[in-house]
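Chemist: could you look at this predicted model? Sequence included:
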Amino acid sequence: MAVQDLIRRRFFPHIWCPGCGHGIVLNGLLHVVDSEGYDPLNLCMVSGIGCSSRISGYVNFHTMHTMHGRALACATGIKMVRPSLKVIVPMGDGDALAIGGNHFIHACRRNIELTALVLNNRIYGMTGGQYSPLSGAGTLATTAPYGNIDNEFDTVKLAVGAGASFVARTTAFHVTELRDILKKALAHKGFAVVEVLVGCPTYFGRKNKVGDQVALMEYYRDNTAPLGSPKLRERPELIPRGIFVQEARAEYCAEYARIVRAAESPHPADGAA
Amino acid sequence: MNCDGGNTCFVQGNEACVRGALYAGLKFFAGYPITPSTEIAEHLAQELPRIGGAFIQMEDEIASMCAVCGASLAGAKAMTATSGPGFSLKQEALGYAVMAEIPCVVVNVQRAGPSTGLPTKVAQGDVNQARWGTHGDHAVVAMTASSVQDVFTVTVEAFNFAEIYRTPVILLFDEVVGHMREKLVIPEDGELPVVERLKTSVKVGVDYHPYLPREDGRLPMSDYGGEHRFHVTGLFHNIWGFPTENPTEAHDLLYHLADKIENRVHLLARWKEYHLEDAESILVSYGASARSSLQYVEDRRARGHKIGLLELQTLWPFPRQLVREKTARASNIFVVEMNMGQVLAQVKAAAVNPDNVFLINRIDGLLVAPADIEGIMRVVEGRGI
């Protein structure tokens, strides 16, 4: 199947600004779906609200564009009813970790098989450039005209601490690595979190005088380093990239199937053993 | 459940709701603990896995309503249950279900509010919230019941209406009905109609439009994971389910959402009536208040007084024409409810003579009693204290 068949050309052009990093993630995802031979009839995408969440409209999967922050909760309902569906949940940084933060940590804890993509551009883009919980102290935003005093979450540490069984970080600059990580995340039998650092030249770049998308790309090239790399050892202040956690743990729907077998058994106590 | 081994049980209203939901084909429940609705979640945690259905206790009320939306789109009849503060939190996803036309059932076993209120005490203060709790113009279906048996029946009907009209249906029970125990006779399979989801007949490979109504106004569905892939959004959308800002499409969608319910008041209305034929005074009531009202009416009928009761089971869309016709010949109308007059306002708007519509209520967490009704009616009827 050609990659073009995985998108809804009828609904293009997309809404993203020139230079936005979200399209790179979409591109990487579609190539992985194609190269790994996923049947789009078995793919579901559930998103929240924000620039990145519009991805769900463009892919020719079963798609649900939900409410701000609520994508993981909606996806949980779908997955419980149709455990065989591969459910991908792209979210923005504010969507996933501000308004959706509670759903995020509980989905991690539950270890339900969903692929959560946190497209972190460090800003609320759709509403015009307000600071998010991933902007970080010292950044500028329309709601932080004197400089942001809010500390940021470390998405990876948060996901690991909350119990996700697959946690990775990459950037829109590292497209080969992005595809490799997405491939592993989609294959993971459990809750997978992939943080992708993406540039928002329109709001974050302009407000913080970082420059255009090329400059943002160079920033992520120069300020990140692979886990275990000599570069990261020499410069530990860099943002680490790679797979932080990849563990086989009891998956929620599989556990629930066990409950169903036990409850259906004429001797529930035996079945639960 | 406390049954005789057959179909006759002695159960709470909340359990009857569970039985009704299962009878109607419930396959998914997501909830969060809250008094006085928790028994619904507890019983479904027990029962759903037994029939291969799914139960999940989510991290909050918001998430449970969202999970219900997802589950329904994946093909399962889905429900959540809550009470006042939780009902407030569900309004966001309830609006999404209205906009995206997702069949589902939301139970609100009412307690006294606002805010945390009186968690274990009865009230009926969420009638208007059921109608207007979520933002934007919209229509909604809300039903209630006054006995354990009726809880079962209206729960089945709520699922049927949800499927027929692709809409969330709210069950507005109250603490007294939810917790009181009575006899429940569970109907045989087929005894009550159960409406299954209308599936699209569009063939594989042919474009399926999730929001293209048939001639009768119904929208056939496909499930996530089924043969057709489609988009669902809370934005104004076209027949593809894709976002639109086209004014005509926006206008038509809003009218579609309102008309599919408001134009079918006569099909959605459920009520019971007692001694209305020659009644000079008519009580209009619902839920637990209707039990006290009925007792009062029977007591006075036994003394030869011309008094009757109209018990409403469908509160929204409000059956204005029905109430007008049923009360047209009465001298006085008394609305008995446990709030500050939420249904009263509707009855006044419906009545031939609004000045003769009076409120009999309690708002202190106690069940309105026949004596409360007597106290007000004596004054209005000029019988003194």
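Modeler: On my side now, so go ahead. Numbering: from 1, shown residues only, chains lettered A, B, ... in the order given.
Chemist: now do the strands in the stretch 251-385 of chain B.
Modeler: B:271-274, B:281-285, B:307-312, B:314-316, B:332-337, B:357-361 (DSSP state E, counting those that start in this stretch).
Chemist: repeat that for the stretch 51-200 of chain A.
Modeler: Under the criterion DSSP E, counting those that start in this stretch, the stretch 51-200 of chain A contains strands at A:62-65, A:86-92, A:115-120, A:166-171, A:192-197.
Chemist: turn those into JSON lines, including distance to chain B.
Modeler: For the C-beta atoms, the positions are set from N, CA and C on the backbone; glycine is no exception. What follows is the strands of the stretch 51-200 of chain A, written out as JSON lines (distance: least, CB to the nearest CB, whole Å):
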{"stretch": "strand A:62-65", "distance to chain B": "4"}
{"stretch": "strand A:86-92", "distance to chain B": "9"}
{"stretch": "strand A:115-120", "distance to chain B": "15"}
{"stretch": "strand A:166-171", "distance to chain B": "19"}
{"stretch": "strand A:192-197", "distance to chain B": "16"}
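Chemist: of all these, which one is nearest residue B:112?
Modeler: strand A:62-65 (36.2 Å; CB to CB).
Chemist: mind listing residues that contact that closest one?
Modeler: A:41, A:43-47, A:49, A:53-54, A:56-57, A:71, A:74-75, A:78, A:85, B:70, B:73, B:224-225, B:229-235, B:243 (CB atoms under 8 Å, 6 or more residues apart in numbering or on different chains).
Chemist: for residue 17, what are its contacts?
Modeler: You didn't say which chain, so I picked chain A. Each residue near residue A:17 by CB under 8 Å, 6+ apart is listed here: A:125, A:200, A:201, A:202.
Chemist: chain B, not that one
Modeler: For residue B:17, the contacting residues are B:40, B:81, B:107, B:151, B:152, B:155, B:171, B:173, B:178, by CB under 8 Å, 6+ apart.
Chemist: what number of residues lie near the second one?
Modeler: Going back to what we said before, that points to residue B:81. Number of residues near residue B:81 (other CB atoms under 10 Å in any protein chain shown) recorded here: 31.
Chemist: please identify the helix or strand for it.
Modeler: Following DSSP states H and E, the helix or strand that holds residue B:81 is strand B:77-82.
Chemist: distance check, the nearest residue to residue B:185 once chain neighbours are set aside against residue B:2.
Modeler: Excluding its sequence neighbours, the residue lying closest to residue B:185 (CB to CB, 6 or more residues apart in numbering or on different chains) is residue B:8, at 5.3 Å. Per CB to CB, to the nearest Å, residue B:8 is found 10 Å from residue B:2.
Chemist: and what of residue B:181?
Modeler: In terms of CB to CB, residue B:181 sits 8 Å off from residue B:2.
Chemist: shared neighbours of the two, which are they?
Modeler: B:10, B:11.
Chemist: list the residues that contact both of residue B:8 and residue B:2?
Modeler: By CB under 8 Å, 6+ apart, no residue touches both residue B:8 and residue B:2.
Chemist: in stretch A:203-215, what's buried?
Modeler: Of the residues in stretch A:203-215, A:203, A:204, A:205, A:207, A:208, A:210, A:213 count as buried by neighbour count, 16 or more other CB atoms under 10 Å in any protein chain shown.
Chemist: residue of chain A nearest chain B, please.
Modeler: For chain A and chain B, the shortest gap (CB to the nearest CB) falls at residue A:77, measuring 3.1 Å.
Chemist: what's near enough to touch that residue?
Modeler: Residue A:77 sits in contact with B:28, B:30, B:56, B:66, B:67, B:68, B:69, B:70, B:71, B:72, B:74, B:78, where contact means CB under 8 Å, 6+ apart.
Chemist: switch the cut-off to 6 Å
Modeler: Going by CB atoms under 6 Å, 6 or more residues apart in numbering or on different chains, residue A:77 touches B:67, B:70, B:71.
Chemist: contact residues of chain B facing chain A?
Modeler: B:28, B:49-50, B:52, B:54, B:56, B:59, B:63, B:66-67, B:69-71, B:74, B:76, B:92, B:96, B:224-225, B:229, B:231-233, B:242 (CB under 6 Å from any CB of the partner chain).
Chemist: contacting residues for the nearest residue to residue B:41 once chain neighbours are set aside?
Modeler: Spatial nearest neighbour of residue B:41, chain neighbours left out: residue B:31 (4.0 Å); criterion: CB to CB, 6+ apart. Going by CB under 6 Å, 6+ apart, residue B:31 touches B:41, B:64, B:80, B:81.
Chemist: bridged to the most centrally placed residue in chain A, which residues?
Modeler: In chain A, the C-alpha nearest the mean C-alpha coordinate belongs to residue A:117, at 1.0 Å (CA atoms, centre = their mean). Applying DSSP bridges to residue A:117 gives these bridge partners: residue A:90, residue A:194.
Chemist: return the member of the contacts of residue A:77 nearest to residue B:366.
Modeler: Taking CB to CB as the measure, residue B:366 lies nearest residue B:67 of those, at 35.4 Å.
Chemist: you'd agree that closest one is in a helix?
Modeler: Yes - Residue B:67 sits within a helix when classified using DSSP: H, G, I helix; E, B strand; the rest coil.
Chemist: wait, isn't it in contact with residue A:76?
Modeler: Yes - here residue B:67 reaches residue A:76: they are 5.1 Å apart, a contact under CB atoms under 6 Å.
Chemist: I am finished for the moment; much appreciated.
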